[in-house]
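Enquirer: pasted the sequence and its predicted model underneath.
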Amino acid sequence: MELLAVIIGLEALKIKPSDVTIYSDSKYVIDAVLKKWLIKWEKKNFKNKKNPDLWKRFLKTYRDHNVKFQWIKGHSNHLQNERCDSLAVKAALGNKLDEDKFYKKL
């Protein structure tokens, strides 16, 4: 969910390249980029990695921009983080979920 949120946010940017800071409580997403795990995964064609479709989609849009990452602790009363968490939980519990059309293409 966190990775898809980053992807959709980057894809929504109209100006390329844009300078953007991603705030996230996902160490997995942030560390994958900052610790250069993602580059190694890509070189191995994401063998044995979860969500290769999302990581490929992320790389496509990530490379169009100047992206910085800022980790924030989850559930620490960060207003925007709490709002995102609330929306994600509401969507996950709902029965009107959008079809993932990108995944269907693969």
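Expert: Yep, that arrived.
Enquirer: which other residues reach stretch 78-97?
Expert: 1, 5, 23, 25, 72, 74, 75 (CB atoms under 8 Å, 6 or more residues apart in numbering). For every residue, glycine as well, the C-beta is placed using N, CA and C.
Enquirer: so which bits of it are buried?
Expert: 81, 84 (16 or more other CB atoms under 10 Å).
Enquirer: now the helices for this structure?
Expert: 2-11, 27-34, 37-43, 52-62, 79-93, 101-105 (DSSP state H).
Enquirer: okay, the angle between the first one and helix 52-62?
Expert: It refers to helix 2-11. Angle of helix 2-11 versus helix 52-62, following axes from the mean of the first three to the mean of the last three CA atoms, to 10 degrees, is 30 degrees.
Enquirer: once you drop chain neighbours, what's closest to residue 22?
Expert: residue 69 (5.1 Å; CB to CB, 6 or more residues apart in numbering).
Enquirer: that neighbour - how many residues pack around it?
Expert: For residue 69, the neighbour count with other CB atoms under 10 Å is 17.
Enquirer: local confidence estimate at it?
Expert: pLDDT recorded at residue 69 is 95.
Enquirer: ditto for residue 105
Expert: 56.
Enquirer: repeat for residue 100
Expert: pLDDT, residue 100: 64.
Enquirer: 25 is where my numbering starts, stick with that
Expert: Got it, first residue is 25 now, which makes that one residue 124.
Enquirer: picking that back up, between the helices of the chain, which gets nearest to residue 42?
Expert: Closest to residue 42 of those is helix 26-35 (CB to CB; 8.5 Å).
Enquirer: now the chain, which segments are flagged as low pLDDT?
Expert: 121-122, 124-130 (pLDDT under 70).
Enquirer: quick one: which of the contacts of stretch 102-121 is nearest to residue 68?
Expert: Residue 68 lies nearest to residue 25 out of the contacts of stretch 102-121, by CB to CB, at 24.5 Å.
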